[in-house]
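Chemist: What follows is a predicted structure for the sequence shown.
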Amino acid sequence: MTAPADRRAFATEIVRTLVSAGHTALWAGGCVRDLLMGREPEDYDVATTATPEQVRQLFGPRRTLAVGESFGVILVLGPKGSGLQVEVATFRTEGPYADGRRPSQVCFATPQEDARRRDFTINGMFYDPLTEQVLDYVGGEHDLRVGILRAIGDPHARMTEDKLRMLRAVRFAATLDFELEAGTAAAIQELAPQILVVSWERIAQELRRMLRHPHRRRAVRLAQQLGLLEPIIPELAPVLADVEHPEWTHTLETLEALRTDRFETAAAVLLHTLPAGPAGAASHTEQGGTVRDVCRRLRLSNDESEAIAWLVAHRTDMEGAEEFPAARLKRLLAHPWAPELLAITEAEARARNRESTSARFIREYLQRTPAEELHPPPLVTGDDLIALGLTPGPQFKKLLETLRDAQLNGEVRTPAEALQLARRLTANDGGHRK
Ligand code: ATP
Ligand code: MG
């Protein structure tokens with residue numbers, strides 16, 4: 001992790017070096033937007049008249065990385081181990097867009113032209129950190145002030161060029177809480193069915209960012225209204241078809257009430273109307289329409305897919321927790337995603353204007369119960385049972401589970417007690433002894 005002040009100082013230093021060498025250099029795009037909004041930019045981008053070749057020469061080959069040299073982008077690295085880096089791109093125009101996603105060529109250009117190739121007015125400004133001046137060729141300052149997300153130039157042409165911009169529009173409008181300018185919205189609505197020319201990886205990347213954000217309800221709603229949600233998750237079509245669908249309304253309210261920054265948790269809420277699908281990431285299903293189908297299509301990682309499917313499958317498992325035997329409660333809470341399931345349980349209750357007594361019970365239980373008590377090392381293992389003369393098999397497995405439950409319930413407290421119970425249980429049932 002780098003400190004904001006270090007990032008800013010480093011990005012200023014890069015501009016100073018370029019300007020000292022006789023080039024024009026400015027901060028560009030998202031970092032200018034963030035600064036003007038009084039937010040700390042995650043990363044700084046520098047735009048310059050220097051060519052990629054000149055940038056590499058100026059900072060040296062060991063401090064630079066060509067990340068997209070054909071597109072004119074050089075990554076300039078900070079001192080070793082600092083983690084600092086800034087993208088330096090030559091002012092350019094792009095086009096034409098052959099595949100609806102990537103420009104087929106770039107030409108070096110003026111700052112004005114570079115501003116016009118950017119997606120939205122609020123993302124199209126420059127800032128000179130040396131003179132502390134904003135350079136705005138696209139009306140970005142105005143739109144930022146009044147809270148409007150507007151495509152630069154002709155919205156229809158800009159969305160046609162690069163269909164990913166449609167999802168970026170939803171993300172920016174939702175996360176910044178901006179209004180989507182009418183022409184921009186109309187263009188997206190018209191072109192939405194073409195969103196699938198964008199790779200699933202990029203679509204998933206945008207979804208992650210939308211769903212992690214506290215404004216996720218607005219993002220999902222906007223995507224739905226613009227017609228972007230259905231092509232991406234056609235499995236939701238039955239619920240989306242009916243605007244007043246009570247379950248969909250509840251889903252949106254739960255998304256809003258959800259307090260988490262995990263994408264998986266919000267995705268599970270979004271997909272809860274679908275069956276979870278079989279366990280095991282590699283398994284396939286004939287019927288289609290399961291959570292796992294959606295995850296697979298979005299190229300989510302195995303970890304993400306497992307977590308989402310688990311959260312969907314166990315969605316209501318915390319209800320009535322106050323009445324659970326200790327073993328059942330501990331097994332549930334020992335799961336790594338249990339805290340997120342708790343977040344869903346709480347959000348569902350909040351969405352219904354209720355408080356979940358089960359959720360409150362679990363929160364208090366987790367507070368007073370150390371992890372080693374939730375998930376203690378087993379008192380007896382399979383090897384111990386084999387030493388008793390038992391043969392591995394379904395009965396054997398069941399016996400181990402029973403012993404584990406007894407341990408979690410506090411009915412047996414030592415290995416000797418557990419073994420004694422094992423002997424007693426198998427004596428009653430001679431069937432699976434050797
Ligand atoms: P964030 O990093 O929060 O997503 P950002 O605006 O910095 O926001 P980046 O993807 O980092 O977004 O891109 C940096 C800048 O590059 C943008 O501000 C915009 O000017 C330009 N840009 C990025 N993607 C596109 C695109 N698909 N079409 C046109 N311009 C783009
Ligand atoms: Mg950025």
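Modeler: Alright, I've got the coordinates. Ligands and ions are numbered 1, 2, ... in the order given.
Chemist: can you pull the contacts of the closest residue to ligand 1 within the stretch 301-434 of the chain?
Modeler: Here the residue of the stretch 301-434 of the chain nearest ligand 1 is Glu304; by Cβ to the nearest ligand atom that distance is 19.8 Å. Placement of C-beta: from N, CA and C, glycine included. Contacts for Glu304 were tallied using Cβ atoms under 8 Å, 6 or more residues apart in numbering; they are 263-264, 267, 295.
Chemist: I'd like to know which of those residues are part of strands.
Modeler: Among the contacts of Glu304, no member falls in strands (DSSP state E).
Chemist: can these go into JSON lines with extra columns for neighbour count and pLDDT?
Modeler: Conversion of the contacts of Glu304 to JSON lines gives the following (neighbours: other Cβ atoms under 10 Å; pLDDT from 0 to 100):
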{"residue": "Phe263", "neighbour count": "21", "pLDDT": "98"}
{"residue": "Glu264", "neighbour count": "25", "pLDDT": "98"}
{"residue": "Ala267", "neighbour count": "28", "pLDDT": "98"}
{"residue": "Cys295", "neighbour count": "24", "pLDDT": "96"}
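Chemist: Could I get the residues you listed in JSON lines, plus columns for distance to ligand 1?
Modeler: Formatted as JSON lines, these follow (distance: Cβ to the nearest ligand atom, whole Å):
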{"residue": "Phe263", "distance to ligand 1": "15"}
{"residue": "Glu264", "distance to ligand 1": "20"}
{"residue": "Ala267", "distance to ligand 1": "19"}
{"residue": "Cys295", "distance to ligand 1": "23"}
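Chemist: just checking, the residue of the stretch 301-434 of the chain closest to ligand 1 is part of a strand?
Modeler: No - inclusion of Glu304 in a strand is not indicated when DSSP: H, G, I helix; E, B strand; the rest coil is applied; the result is helix.
Chemist: Let me know the pLDDT of it.
Modeler: With respect to pLDDT, Glu304 scores 98.
Chemist: Over to Cys31?
Modeler: Cys31 carries a pLDDT value of 98.
Chemist: swap in Ala281?
Modeler: Ala281 is assigned 44 on the pLDDT scale.
Chemist: Dig out what Thr90 forms beta bridges with.
Modeler: Thr48 (DSSP bridges).
Chemist: That one contacts Phe108, doesn't it?
Modeler: Yes - taking Cβ atoms under 8 Å as the definition, Thr90 is a contact partner of Phe108 at 5.3 Å.
Chemist: where do the contact lists of those two overlap?
Modeler: By Cβ under 8 Å, 6+ apart, the residues touching both Thr90 and Phe108 are 49, 51, 72.
Chemist: residues touching the first one, list them.
Modeler: Taking Cβ under 8 Å, 6+ apart as the definition of contact, the neighbours of Thr49 are 23-25, 90-91, 108.
Chemist: check contacts around the residue in the chain that ligand 1 sits nearest to.
Modeler: Proximity to ligand 1, evaluated over the chain using Cβ to the nearest ligand atom, is greatest for Gly30 at 2.0 Å. Gly30 makes contact with 41-43, 45, 123 under the criterion Cβ under 8 Å, 6+ apart.
Chemist: if you set the cut-off to 7 Å instead, what comes out?
Modeler: Residues in contact with Gly30, defined by Cβ atoms under 7 Å, 6 or more residues apart in numbering, are 41, 123.
Chemist: Would you quantify the distance from it to Ile122?
Modeler: To Ile122, Gly30 is 9 Å away according to Cβ to Cβ, to the nearest Å.
Chemist: again, but for Ala66
Modeler: Applying Cβ to Cβ to Ala66 and Ile122 gives a distance of 29 Å.
Chemist: List the buried residues of the helix or strand of the chain with the lowest mean pLDDT.
Modeler: When each helix and strand of the chain is scored by mean pLDDT, DSSP states H and E, strand 106-108 comes last, with a mean of 78. For strand 106-108, the buried set under the neighbour-count rule, 16 or more other Cβ atoms under 10 Å, comprises Val106.
Chemist: just checking, what packs against it?
Modeler: Judged by 3 or more Cβ pairs under 7 Å, 6 or more residues apart in numbering; DSSP states H and E, strand 106-108 is in contact with strand 92-94.
Chemist: Am I right that Leu379 is in contact with Ala406?
Modeler: No - using Cβ atoms under 7 Å, Leu379 is not in contact with Ala406, being 8.6 Å away.
Chemist: Report the set of residues contacting both of the two.
Modeler: Joint contacts of Leu379 and Ala406 (Cβ under 7 Å, 6+ apart) are Val412.
Chemist: how many neighbours does the closest residue to Gln224 other than its chain neighbours have?
Modeler: Counting by Cβ to Cβ, 6 or more residues apart in numbering, Leu240 is the residue found nearest to Gln224 once chain neighbours are left out, at 6.1 Å. Here the number of neighbours of Leu240 (other Cβ atoms under 10 Å) works out to 16.
Chemist: The one 5 residues further on now?
Modeler: Other residues within reach of His245, judged by other Cβ under 10 Å, total 14.
Chemist: Look up how far His215 lies from it.
Modeler: 22 Å.
Chemist: now Glu206
Modeler: Per Cβ to Cβ, Glu206 is found 14 Å from His215.
Chemist: Quick check: which element contains the spatially closest residue to Tyr44 that is not a sequence neighbour?
Modeler: In space, and not counting its chain neighbours, Tyr44 is closest to Ala11: 3.6 Å by Cβ to Cβ, 6+ apart. Using DSSP states H and E, Ala11 sits in helix 4-20.
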